[in-house]
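Participant: requesting a structural model of the entry that follows:
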Amino acid sequence: MNAQLISDIDRLAALQEVDTRLKQRRDLMLELVAEADGVDLDLARHRQTVATLTAERDRLEARRVEMDRQLELSGFKIRDNRMRMNRVRNSVELLALQREIDLTKEANSQVEDEVLLAMETLETLAVQLTAAQEALTALAARAAQVVSERRAEAAALRAALDAEADQREALAQGMDPSVRSKYEQIFERRGGSAVVAALDYMCTGCRMHIPPQFYNELQKFRDVRQCPNCHRILFWRPPAA
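Facilitator: Residues are numbered from 1 along each chain as shown. From the prediction side, this is the model:
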């Protein structure tokens, strides 16, 4: 066989080794980035929870203050009406003042119920907010370290990928274009496993047996051939001494 075919199968085996390392590093880099992003997202959710609880507490506290002021003004109004009743001698006006006092008391009773409910809710919110703030503080302390470490590790892997990409490109450029295209198609289809060893009459990719004549030809000619079963590219190397 000509030297180009021998060169192609050697290049393919070397390219597979490089691409396997690149894929492992790329997958790990993506995992690290995803972990860092997940921690950031979790931190953002905790911050949103604290902000939501704080806003609800402030809104309810403002409403409670407003209702207390309303009760205070109603108390002034009731006392004023009672003082007016002492000076009024007209029964119709007396009845009107008493009716107004009764209505004010009834309204105050409803407001007082609302105040009690607001205070109970504020107590519950205070417990929830304290727990959320503590969780946020704990997560923020951990997140600062985890995110920094994961992004640093991902950056180091990205640098390693860039450095090894030159080696990969040098191997790929010296290859027959049709062979390179076939390799890349199989690599994509087979999840990063395009070139595998033939060993003891078996394809190590699909673990299926190879016909004896085919296996012998792999050893003799070392040209670019594919597994009859999984269609990965096969190569054979003599066992180490």
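
Participant: which parts of the protein are strands?
Facilitator: For the chain, applying DSSP state E gives strands covering 195-197, 225-226, 233-235.

Participant: now Lys105: how far from Arg99?
Facilitator: 11 Å (C-beta to C-beta, to the nearest Å). Every residue, glycine included, has its C-beta placed from N, CA and C.

Participant: ok so, going back, next, format the strands of the chain as JSON lines and append mean neighbour count, mean pLDDT and distance to Leu95.
Facilitator: JSON lines is the format used below for these (neighbours: other C-beta atoms under 10 Å; pLDDT from 0 to 100; distance: least, C-beta to C-beta, whole Å):
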{"stretch": "strand 195-197", "mean neighbour count": "19", "mean pLDDT": "94", "distance to Leu95": "103"}
{"stretch": "strand 225-226", "mean neighbour count": "16", "mean pLDDT": "92", "distance to Leu95": "106"}
{"stretch": "strand 233-235", "mean neighbour count": "23", "mean pLDDT": "92", "distance to Leu95": "105"}
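
Participant: I'd like those strands laid out as a markdown table, including distance to Arg25.
Facilitator: A markdown table is the format used below for the strands of the chain (distance: least, C-beta to C-beta, whole Å):
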| stretch | distance to Arg25 |
| --- | --- |
| strand 195-197 | 18 |
| strand 225-226 | 27 |
| strand 233-235 | 22 |
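
Participant: so which of the ones you listed is nearest Leu30?
Facilitator: Relative to Leu30, the nearest member of the strands of the chain by C-beta to C-beta is strand 195-197, separated by 23.3 Å.

Participant: what are the pairing partners of that closest one, and which direction each?
Facilitator: Strand 195-197 pairs in its sheet with strand 233-235 (parallel), by DSSP bridges.

Participant: check the offset of the partner strand from the chain's centre.
Facilitator: 39 Å (C-alpha atoms, centre = their mean, to the nearest Å).

Participant: residues in contact with it?
Facilitator: 9-10, 12-13, 182-183, 186, 194-198, 203, 210, 218, 222, 224-227 (C-beta atoms under 8 Å, 6 or more residues apart in numbering).

Participant: one more pass at 6 Å, please.
Facilitator: The contact list for strand 233-235 (C-beta atoms under 6 Å, 6 or more residues apart in numbering) reads 9, 12-13, 194-195, 198, 218, 225-227.

Participant: which non-adjacent residue is nearest His46?
Facilitator: Leu136 (4.4 Å; C-beta to C-beta, 6 or more residues apart in numbering).

Participant: does the one you found really touch Val50, like I thought?
Facilitator: Yes - with contacts counted by C-beta atoms under 6 Å, Leu136 reaches Val50, the gap being 5.4 Å.

Participant: residue with max distance from the center of this protein?
Facilitator: Distance from the C-alpha centroid of the chain, by C-alpha atoms, centre = their mean, peaks at Arg89 (77.2 Å).

Participant: export stretch 204-213 to PDB, keeping only CA atoms.
Facilitator: Output of stretch 204-213 as PDB, limited to C-alpha atoms (Å, rounded to 0.1, in the frame of the first residue of the first chain):
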ATOM      1  CA  THR A 204     -13.000  -2.600  20.800                       C
ATOM      2  CA  GLY A 205     -15.600  -0.100  19.900                       C
ATOM      3  CA  CYS A 206     -18.700  -2.300  19.600                       C
ATOM      4  CA  ARG A 207     -17.100  -5.500  21.100                       C
ATOM      5  CA  MET A 208     -18.200  -7.500  18.100                       C
ATOM      6  CA  HIS A 209     -16.000 -10.100  16.500                       C
ATOM      7  CA  ILE A 210     -14.300  -9.300  13.200                       C
ATOM      8  CA  PRO A 211     -14.000 -11.900  10.400                       C
ATOM      9  CA  PRO A 212     -10.500 -13.500  10.500                       C
ATOM     10  CA  GLN A 213      -9.600 -12.500   6.900                       C
END
